[in-house]
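# just a sequence and a predicted model for now, questions to come.
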Amino acid sequence: MAQKLLVRDLTLRDGQQSAFATRMNQQQVDRVLPYYKEANFYALEVWGGAVPDSVMRYLNENPWDRLEKIKAAVGNVSKLTALSRGRNLFGYAPYPDAIIDGFCKNAIASGLGITRIFDALNDVDNVKSTIKYVKAYGGIADCAVCYTIDPRFTTLERLKAKFKGKPLPGAVFTNDYFLEKAREMEALGADMITIKDMSGLVQPSRVAELIALFKKNLRAPLDFHTHCTPGYGLGAVLAAIIKGVDIVDAVIWNFAGGPAAPAIELIYLFCKKLGVELDVNMEAVARINLELLDIRRELEAFDAVKQFPMPFNPLVDALPAEVDRLFDRAIDAAAKGDEQALLDACHAIEAHFHFPAPNDLVKKAEIPGGMYTNMVAQLKQLNAMDILEDAMKLIPTVRLAAGLPPLVTPTSQIVGAQAVNCALDVKNGKPMYSNVSNQFVALVKGEYGKTPVPVDPDFRLKIAKVREETPYDTSKYRMQENPSLENLGGEPLATNEKEILLMELFPSVARAFLTRQKEAAYRAVQAAKEAAKEAAEKAAREAAAREAAARKSAEPITGKVVEAPLPGNILQVFVRPGDVVKCGQELLILEAMKMENSIFSDYSGTVKRVLTSVGSSVNAGENLVEIEVK
């Protein structure tokens, strides 16, 4: 019996998120759905990840509508899938079971068939609740093991650590480590297991070992997910197919390659040569791809690659003889385990079709491409690009100090931002970790779960003010306030369970989105009048704020001032003029690059003036609070 391979298409979620910042609007999605109904993919990843946040934040669309409209168009032809961060769902903090229960119930009722559940620490305890509720409501629990690699330390670094009495760990992320995580998930009821290589760092030889090991020891079907950024993606998928993987993740041609997953069309050609059955309607895929070409042009402003692959339809376009031989050479190399020959052939195939070349910087750094771009953006904002290399070199040290978390959302952002903070500390002549984000504190404290290696209690005490690992206490969770909209007849902002869930999962984004939606529905007739009134009031507020700021700046500073260490936005202010504060007391919270930073007083005294306000944008070095010191 011929080997059969199932395909999970990622185009409408991970594909557009990787390449176009998740900016496909509903009208663009609707244009391809009739063809998807004919394509017969095993599954379509259409939700989760950044989709719910982005469609509200940037497109002013309802994420529940996105899921329900796709389900209505595709029906039961393909299972709809979403990516979920276990107990964190889509956020940065663990949620209690009541929220996870409500989310799973509503998502499955809205058409979700498969929930891919992962935890950024590979802490299996963090996926238990989601598995339970997904299965309780009739969904399929796809449990993902996050692939990562050990940081590289030089011999000198290891000798120095050993001399200090704190030797660096040996290999942590072994094949047995990943198998044990998969076994634990299967024991909890996982219906399928995914090897989730979010950074594209798994080499073909390694994935071949993992697929063979998993197939031998697990009963659940096995899926393989990777990206092409460092140049391993296509070769790794071919190696996985040869080793008998059940499902592979792919993206349609015009959205594929580069930061995204390999193209389904290339996988089709490999399967045709291998005699592997691929039950996908490639004629429908070709029609989707033609529409995606226009959509990609429409998304030009968000295109991370700006390099279109050459037009190609494997059903009608003949391969040049030399390219056809490259496919044969890749298959032969994969079968023999000749990794370099396999990669050379795959890179030549991708170059022929004008897909992006491997990103050598990301490959060398061995970090996710998104993590690297976030660090660059942060340093540009700080006008400190000169320390990029220093920050990159600090990633292994910061990662190890935090318990060696896999580098996947959100831990990749947390570790990357902290490496930047530490590089800035060194540049400014301060000890490392002088400035830490609240998320880094929570990670070290244990609120995200158990890290792959234990955090040094002395380091935890320094960063989080506790020596013992302290899990997040979900019993202290407080639901978001659901205010009444007095100007809309007193209607609550969230009026049903789905809207309440949006408020819990995306507090600030959903609040703004739902407010816009309710106001638009209630005041459609007076839209122009209200817009003019709002603009006038905003101008008046800004004028008043400028006038107040001018008066405030005219008054001389007589006390000590607490300055902003980074540019960002003020999230919370905890003091008022007249308050007595102590040295080390928390004064306010500053958000910088999505990280929350507590700002503490350097002095004891009485607050004379608060020189900023919630929602204000501040620059590094800007005065925040003036304190009269006795």
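Thanks, I have it. Bear in mind that the values here come from a model prediction, so they are computed numbers and not experimental data.
# so for stretch 132-149, mean pLDDT?
Averaging pLDDT along stretch 132-149 gives 96.
# please apply the same query to stretch 355-365.
If you average the pLDDT over stretch 355-365, you get 85.
# and for the nearest residue to Val77 once chain neighbours are set aside, the neighbour number?
Excluding its sequence neighbours, the residue lying closest to Val77 (C-beta to C-beta, 6 or more residues apart in numbering) is Lys37, at 5.4 Å. Quick note: C-beta positions are derived from backbone N, CA and C, even for glycine. Lys37 has 15 neighbouring residues, counting by other C-beta atoms under 10 Å.
# again with Val77
Counted with other C-beta under 10 Å, Val77 comes out at 15.
# now could you export just the CA positions of stretch 443-460 as PDB?
Taking C-alpha atoms only, stretch 443-460 is exported to PDB below (Å, rounded to 0.1, in the frame of the first residue of the first chain):
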ATOM      1  CA  LEU A 443       9.600  34.000  33.800                       C
ATOM      2  CA  VAL A 444      12.400  33.800  36.400                       C
ATOM      3  CA  LYS A 445      10.000  33.600  39.200                       C
ATOM      4  CA  GLY A 446       8.200  30.600  37.800                       C
ATOM      5  CA  GLU A 447       4.900  32.100  36.800                       C
ATOM      6  CA  TYR A 448       5.200  30.800  33.200                       C
ATOM      7  CA  GLY A 449       5.800  27.200  34.400                       C
ATOM      8  CA  LYS A 450       8.800  25.000  34.900                       C
ATOM      9  CA  THR A 451      11.800  25.800  32.800                       C
ATOM     10  CA  PRO A 452      13.900  23.100  31.100                       C
ATOM     11  CA  VAL A 453      16.700  23.600  33.600                       C
ATOM     12  CA  PRO A 454      16.200  25.100  37.100                       C
ATOM     13  CA  VAL A 455      16.800  28.800  37.700                       C
ATOM     14  CA  ASP A 456      19.600  29.500  40.100                       C
ATOM     15  CA  PRO A 457      17.900  30.500  43.400                       C
ATOM     16  CA  ASP A 458      20.400  33.300  44.000                       C
ATOM     17  CA  PHE A 459      19.500  34.700  40.600                       C
ATOM     18  CA  ARG A 460      15.800  34.300  41.200                       C
END
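# give me the residues contacting it.
With C-beta atoms under 8 Å, 6 or more residues apart in numbering as the test, stretch 443-460 has contacts from 87-88, 93-94, 119-123, 125-126, 166, 169, 172-173, 177, 400-406, 411, 414, 442, 463-464, 466-472.
# buried among the residues you listed? Need that as a selection in ChimeraX.
Per 16 or more other C-beta atoms under 10 Å, the buried members of these correspond to this ChimeraX selection:
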select :87,88,94,119,120,121,122,123,126,173,400,401,402,403,404,405,406,411,414,442,463,464,469,472
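# give me the buried positions along whichever strand or helix holds the residue nearest to Val77.
If you go by DSSP states H and E, Lys37 is part of helix 26-39. Buried residues in helix 26-39, defined by neighbour count with 16+ other C-beta under 10 Å: Gln28, Val29, Val32, Leu33, Tyr35, Tyr36, Ala39.
# how far does the helix or strand following it sit from its chain's centre?
The element immediately downstream of helix 26-39 (helix or strand, assigned by DSSP H and E) is strand 43-48. Its chain's average C-alpha position is 15 Å from that of strand 43-48, according to C-alpha atoms, centre = their mean, to the nearest Å.
# wait, Gln413 sits on Met371?
Yes: shown here, Gln413 and Met371 form a contact pair, counting by C-beta atoms under 8 Å, at 6.8 Å.
# tell me the centre residue of this structure?
Among the residues of the chain, the one closest to the centroid is Thr409, at 4.0 Å (C-alpha atoms, centre = their mean).
# wait, that one sits on Ala120?
Yes: if you go by C-beta under 8 Å, Thr409 and Ala120 touch, sitting 6.8 Å apart.
# any shared contact partners between those two?
Common neighbours of Thr409 and Ala120, using C-beta under 8 Å, 6+ apart, are Arg85.
# got TSV for the buried residues of helix 26-39, with distance to Leu502 too?
Converted to TSV, these look like this (distance: C-beta to C-beta, whole Å):
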residue	distance to Leu502
Gln28	22
Val29	19
Val32	25
Leu33	23
Tyr35	30
Tyr36	26
Ala39	30
